[in-house]
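In: Structural data only, the sequence is not supplied:
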């Protein structure tokens with residue numbers, strides 16, 4: 001498990017390590033500064049050849065202390081260094097003040113406002129202004145520095161210590177209506193990724209993110225997890241089992257001309273390993289579906305009464321309602337029967353809209369349900385939470401997608417998967433994971449009609465096989481992204497289930513890579529093909 005930390009959790013881990021006397025604050029600061037220099041030379045080996053020139057921007061807190069360490073180490077390497085401080089050196093925290101004084105024995109400290117005048121010929125600009133400590137928008141000289149750095153991007157490499165200044169560490173949102181933020185080529189953070197690296201604007205402004213080990217070994221209690229490659233064995237089929245031993249998924253379609261979404265979901269459920277998948281079809285669409293399917297089974301389901309009859313078959317282990325289903329009154333009856341069955345149930349698309357309209361349906365949600373809204377559907381289900389997300393944050397920590405999804409899951413009493421490049425999955429008990437299609441796992445090709453229906457089918461197939469709701473949602477989300485990455489440009493939704501076998505065959509190697517503590521965890525800002 002890879003944890004993702006809030007600013008408060010990271011500070012608590014550092015403080016606990018210091019109080020345990022396993023490490024001092026000065027030692028952590030030294031390790032952080034060294035990690036940044038090592039990451040710079042690894043990313044751009046040509047910069048290891050001195051002399052070069054760097055501008056180091058130091059803030060009024062411990063992030064600024066890291067900057068003084070970086071300046072000293074680069075100076076020792078033979079670089080020309082210009083250090084600029086925001087604020088009064090006398091008010092620096094103790095460890096940062098020590099490193100300030102050590103730097104002063106080697107070079108000068110200038111006011112931050114003077115940085116543009118001293119930057120001629122700089123190969124590297126270090127943003128050590130705020131890191132995870134920022135609580136308000138950039139303003140004054142800090143804002144001017146952000147704008148100046150933006151103008152220098154391309155002429156000099158921009159390296160950020162922990163988190164770009166202007167970005168909220170806990171939400172990935174840019175603070176303030178002006179939207180001023182440092183935009184990095186490389187961000188070096190410590191011990192674990194922060195929420196802001198993965199959520200909202202974080203992947204857009206952080207550049208490449210490297211996670212450096214600074215010797216902290218403890219884990220944060222209840223930390224949010226990053227979804228990783230599933231264990232290949234968990235997806236294997238038992239050699240002695242028959243088809244019904246691997247589950248039977250039932251996926252309901254809409255009427256004539258609206259069956260494609262459910263057929264995509266059904267194909268996905270079958271590909272991910274459900275032993276049997278049945279498509280429940282209203283009579284008017286029966287011939288349409290029958291002409292389009294082979295390995296899938298078909299049952300006529302006109303209304304709630306028909307569905308109740310079908311569900312007398314105890315071998316049906318999971319259902320999916322919503323893709324292309326329609327919004328008629330007869331669909332309300334179908335939903336009610338499905339919910340009252342107590343079976344594991346994926347609710348997507350039109351089913352979410354119906355639940356948002358009907359308090360009685362809402363009341364029948366249970367812990368074996370999974371809601372899979374995109375942003376618009378989430379706004380219909382949880383308008384107050386969506387409204388909070390839409391407000392430009394004036395201070396931090398800002399309300400985040402994690403906050404909203406956790407609160408939604410608690411209200412609904414079931415797992416909620418809020419889709420997007422920064423997909424967040426939350427359980428009613430507060431458990432939470434992020435499946436980020438960002439950095440080395442960027443998958444822009446998923447922005448195509450029907451990809452969400454395939455995700456719903458993947459989840460349904462895993463539920464049918466006996467996966468718990470949170471496990472099914474996380475596993476499906478990871479595989480969904482990986483299928484898109486493996487296929488690459490030109491992807492359409494139909495390609496996702498057909499790419500899955502190759503992804504599953506490659507799982508042992510991917511799982512081994514995912515479990516390693518690589519320093520370049522979020523390796524690349526460019527999509528993988």
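Out: Thanks, I have the structure now. It should be emphasised that the depicted structure is a prediction, and the values quoted were computed from it without experimental measurement.

In: where does the most centrally placed residue in the chain fall, phi/psi-wise?
Out: The chain has residue 436 as the residue nearest its centroid, 3.1 Å off, counting by CA atoms, centre = their mean. Dihedral pair for residue 436: phi -100, psi 120, per degrees, to the nearest 10.

In: Looking at the residue lying closest to it once chain neighbours are set aside now. What's its pLDDT?
Out: Excluding its sequence neighbours, the residue lying closest to residue 436 (CB to CB, 6 or more residues apart in numbering) is residue 198, at 4.4 Å. All C-beta atoms are positioned from the backbone trio N, CA, C, and that covers glycine. Reported pLDDT at residue 198 in the predicted model: 97.

In: For the stretch 151-300 of the chain, which segments are assigned as helices?
Out: Remark: helices assigned in the stretch 151-300 of the chain by DSSP state H, counting those that start in this stretch are 195-198, 202-205, 232-235, 260-271, 286-290.

In: Dump these to TSV, plus distance to residue 6 and mean neighbour count.
Out: Shown next, in TSV, are the helices of the stretch 151-300 of the chain (distance: least, CB to CB, whole Å; neighbours: other CB atoms under 10 Å):
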stretch	distance to residue 6	mean neighbour count
helix 195-198	6	30
helix 202-205	13	22
helix 232-235	29	14
helix 260-271	34	28
helix 286-290	47	16
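
In: Which one, of those, ends up nearest to residue 116?
Out: Minimum separation from residue 116 across these (CB to CB) falls at helix 202-205, 20.6 Å.

In: who are the neighbours in contact with residue 173?
Out: Shown in contact with residue 173 (CB atoms under 8 Å, 6 or more residues apart in numbering): 167, 196, 199-201, 393, 398, 400.

In: Try it again at 7 Å.
Out: Going by CB atoms under 7 Å, 6 or more residues apart in numbering, residue 173 touches 200-201, 393, 398.

In: For residue 83, which of the helices of the stretch 151-300 of the chain is the nearest?
Out: That would be helix 202-205 among the helices of the stretch 151-300 of the chain, by CB to CB, at 23.8 Å.

In: what is the mean pLDDT for that closest one?
Out: 96.

In: Determine how far it lies from the middle of the whole chain.
Out: Counting by CA atoms, centre = their mean, to the nearest Å, helix 202-205 is centred 12 Å from the centre of its parent chain.

In: And for stretch 215-228?
Out: 15 Å.

In: model confidence over it, on average?
Out: Averaged across stretch 215-228, the pLDDT comes to 88.

In: Do me a favour and get the end-to-end distance for stretch 198-205?
Out: Chord length of stretch 198-205, first to last residue, is 11 Å (CA to CA, to the nearest Å).

In: do the same with stretch 305-314
Out: Length of stretch 305-314, first residue to last, CA to CA: 16 Å.

In: Stretch 419-435 now?
Out: When the termini of stretch 419-435 are compared using CA to CA, they are 9 Å apart.

In: got a list of what the residue nearest to the centre of the chain touches?
Out: 198, 421-422.

In: Can I get those in a markdown table including distance to residue 282?
Out: Formatted as a markdown table, those follow (distance: CB to CB, whole Å):
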| residue | distance to residue 282 |
| --- | --- |
| 198 | 41 |
| 421 | 35 |
| 422 | 36 |
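
In: returning to that earlier point: could the helices of the stretch 151-300 of the chain go into a markdown table alongside distance to residue 45?
Out: As requested, the helices of the stretch 151-300 of the chain are exported to a markdown table (distance: least, CB to CB, whole Å):
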| stretch | distance to residue 45 |
| --- | --- |
| helix 195-198 | 24 |
| helix 202-205 | 25 |
| helix 232-235 | 36 |
| helix 260-271 | 43 |
| helix 286-290 | 58 |
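
In: Can you check which of the ones you listed gets nearest to residue 54?
Out: helix 202-205 (20.7 Å).

In: Which residues does that closest one contact?
Out: By CB under 7 Å, 6+ apart, helix 202-205 touches 164, 167, 172, 181, 183-184, 196, 438-439.

In: nearest to residue 190, of those?
Out: residue 196 (13.7 Å).

In: got the contact list for the closest one?
Out: Counting by CB under 7 Å, 6+ apart, residue 196 has contacts 163, 167-172, 202.

In: What does residue 96 show for phi and psi?
Out: Here is the backbone geometry of residue 96 (degrees, to the nearest 10): phi -60, psi -40.

In: is it true that it touches residue 59?
Out: No. The pair residue 96 / residue 59 is not scored as a contact, 8.9 Å apart, by CB atoms under 7 Å.

In: quick revisit: ok, the residue nearest to residue 436 to residue 166 distance?
Out: 17 Å (CB to CB, to the nearest Å).

In: Share the number of residues neighbouring residue 444, please.
Out: The tally of other residues near residue 444 (other CB atoms under 10 Å) stands at 12.

In: hang on, the earlier thing: just checking, the residue nearest to residue 436 touches residue 4?
Out: Yes. Assessed by CB under 7 Å, residue 198 is found in contact with residue 4 at 6.5 Å.

In: Now for those two: what residues contact both?
Out: residue 434.

In: From residue 99, how far off is the residue lying farthest from the centre of the chain?
Out: The centre of the chain is farthest from one residue, residue 105, which by CA atoms, centre = their mean lies 43.4 Å away. Remark: distance between residue 105 and residue 99 (CB to CB) = 11 Å.

In: Likewise for residue 305?
Out: Counting by CB to CB - residue 305 and residue 99 are separated by 74 Å.

In: More neighbours: those two, which one.
Out: The neighbour comparison of residue 305 against residue 99 (other CB under 10 Å) goes to residue 99, with 25 against 12.

In: Name the nearest residue to that one, ignoring sequence neighbours.
Out: Nearest to residue 99 is residue 68, by CB to CB, 6+ apart, at 3.9 Å.

In: Now the element after the strand or helix carrying that neighbour, going C-ward?
Out: Residue 68 belongs to helix 62-76 when assigned by DSSP states H and E. Heading C-terminal from helix 62-76, the first helix or strand you meet, by DSSP H and E, is strand 80-85.

In: just how off-centre is that following strand within its chain?
Out: Worked out by CA atoms, centre = their mean, strand 80-85 lies 35 Å from the chain centre.

In: what does stretch 410-417 give?
Out: 18 Å.

In: Flag every buried residue along that stretch.
Out: Of the residues in stretch 410-417, 412, 414-417 count as buried by neighbour count, 16 or more other CB atoms under 10 Å.

In: Ok, stretch 276-286 next?
Out: Residues of stretch 276-286 classed as buried by neighbour count (16+ other CB under 10 Å): 276-282, 285-286.

In: All set, thanks.
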